[in-house]
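Peer 1: Prediction below, plus the sequence it came from.
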Amino acid sequence: MKFGFVTCVQIGLSCMEAIYEIGGKLDLIISIPDEKSINKSGRIFVNDFAEKNNIPVVKTRHINDETAIKAIKDYEIDWLFIIGWSQIASKTLIETPKSGTIGAHPTLLPQGRGRAAIPWAIIKGLDKTGVTFFKMDEGVDTGPVLGQEIIPLSNDENATNLYRKVNKAHETLIKNMYFQLVENKISGEIQDESQATEWPGRRPEDGELFSTMNIEEADRLIRATTHPYPGAFMMIEGKKIIIWGASLQSVDNAVKLDFQDGSLYAKEFIWTSE
């Protein structure tokens with residue numbers, strides 16, 4: 001059984017490392033050119049890992065380019081993982097591997113299809129989320145579920161901690177699944193469309209805090225958009241003040257906001273709501 005891997009971010013690299021930790025191997029890595037998306041959140045370079053483990057690397061600007069499809073055929077890939085890749089794979093690409101293409105999504109599908117899964121889980125105040133591996137089809141996050149890992153969420157969960165938990169859940173799932181795939185002992189469970197929800201993408205400007213928000217809304221937004229995301233912010237006297245963290249205060253039902261270092265304003269600001 002031959003495996004390929006498509007990634008350009010840390011979660012993908014962690015999964016590839018996890019495969020080798022359990023004695024597995026990869027036969028091809030597809031990534032983006034080194035000069036592309038250098039400032040992308042979580043962006044990594046696969047060169048050192050590939051060289052260390054003697055894995056061929058093909059770089060392409062788009063996953064559906066003939067370069068990628070030809071490489072999958074040339075290396076006779078049976079299963080292709082696509083993890084941490086924002087471009088939508090075409091039907092042709094998905095069907096090129098002999099056994100199928102596997103995607104990963106950081107929610108408990110069919111809940112939370114779409115984008116910005118980590119921030120939305122916090123903003124929505126969920127008590128749990130997770131990671132789902134699924135066999136890809138032409139839809140977005142719609143294919144049969146191959147495995148899931150549940151992640152409980154605390155009341156003070158922030159994006160930094162949840163990102164780490166999601167990363168670990170990916171590693172756990174791929175370790176559990178790898179030899180099932182090798183031995184052809186894995187089957188998929190069709191998603192229940194009646195339970196499906198879709199979450200939209202988020203932009204940096206969606207992190208703005210407004211005085212019309214209540215304390216809970218402000219607190220969740222701050223926790224949801226902290227590192228590795230752009231951060232929540234307030235516009236004060238025409239200046240954008242980024243707020244990376246906040247602590248709930250029991251006195252007078254307020255939230256204390258901690259401004260980014262270097263702010264021209266006071267380090268503490270009391271957020272109150274009616």
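Peer 2: Thanks, I have it. Numbering: from 1, shown residues only.
Peer 1: and stretch 77-96, C-alpha only, in CSV?
Peer 2: This file holds the C-alpha atoms of stretch 77-96, laid out as CSV (Å, rounded to 0.1, in the frame of the first residue of the first chain):
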residue,chain,number,x,y,z
ILE,A,77,-0.4,6.2,-4.7
ASP,A,78,-3.2,4.1,-3.1
TRP,A,79,-4.3,6.5,-0.4
LEU,A,80,-3.7,10.3,-0.5
PHE,A,81,-4.0,12.4,2.7
ILE,A,82,-4.9,16.1,2.2
ILE,A,83,-4.5,17.9,5.5
GLY,A,84,-4.2,21.7,6.0
TRP,A,85,-4.7,22.6,2.4
SER,A,86,-7.2,25.4,1.6
GLN,A,87,-7.8,24.7,-2.1
ILE,A,88,-10.7,22.5,-2.9
ALA,A,89,-9.7,19.3,-4.7
SER,A,90,-11.3,18.4,-8.0
LYS,A,91,-13.2,15.2,-8.7
THR,A,92,-10.3,14.2,-11.0
LEU,A,93,-7.7,14.7,-8.2
ILE,A,94,-9.8,12.9,-5.6
GLU,A,95,-10.3,9.9,-7.8
THR,A,96,-6.7,9.6,-8.9
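Peer 1: What are the buried residues along that stretch?
Peer 2: Across stretch 77-96, burial judged by 16 or more other Cβ atoms under 10 Å covers 77-85, 89-90, 93-94, 96. Glycine gets a C-beta too; all of them are placed from N, C-alpha and C.
Peer 1: Show me how far it is from its chain's centre.
Peer 2: Relative to the chain's own centre, stretch 77-96 is displaced by 16 Å; criterion: Cα atoms, centre = their mean, to the nearest Å.
Peer 1: and that stretch, average pLDDT?
Peer 2: Mean pLDDT, stretch 77-96: 95.
Peer 1: which residues sit against that stretch?
Peer 2: Contacts with stretch 77-96, where a contact means Cβ atoms under 8 Å, 6 or more residues apart in numbering, come from 1-12, 15, 27-28, 42, 62-64, 68-69, 72-73, 97-104, 136-138, 140, 170, 174, 181.
Peer 1: Same check on stretch 59-71?
Peer 2: For stretch 59-71, the surrounding residues in contact (Cβ under 8 Å, 6+ apart) are 4, 6, 28, 30-34, 36, 56, 58, 82, 85, 87, 89-90, 92-93, 96.
Peer 1: could you point out which element follows the helix or strand in which residue 218 is found?
Peer 2: Using DSSP states H and E, residue 218 maps to helix 215-225. Using DSSP H and E, the helix or strand that directly follows helix 215-225 along the chain is strand 232-236.
Peer 1: Give the other helices and strands that that following strand contacts.
Peer 2: Applying 3 or more Cβ pairs under 8 Å, 6 or more residues apart in numbering; DSSP states H and E, one finds that strand 232-236 contacts helix 215-225, strand 239-249.
Peer 1: Residue 108: which of these is closest?
Peer 2: Among the helices and strands packed on strand 232-236, helix 215-225 comes nearest to residue 108, with 17.7 Å by Cβ to Cβ.
Peer 1: ok, residue 44 to residue 204 distance?
Peer 2: Using Cβ to Cβ, to the nearest Å, one obtains 22 Å as the distance from residue 44 to residue 204.
Peer 1: Between the two, point out the one with more neighbours.
Peer 2: Using other Cβ atoms under 10 Å, the more surrounded residue of residue 44 and residue 204 is residue 44, with 18 against 11.
Peer 1: Do I have it right that that one meets residue 15?
Peer 2: No: the criterion here is Cβ atoms under 8 Å, and residue 44 misses it with residue 15 at 11.5 Å.
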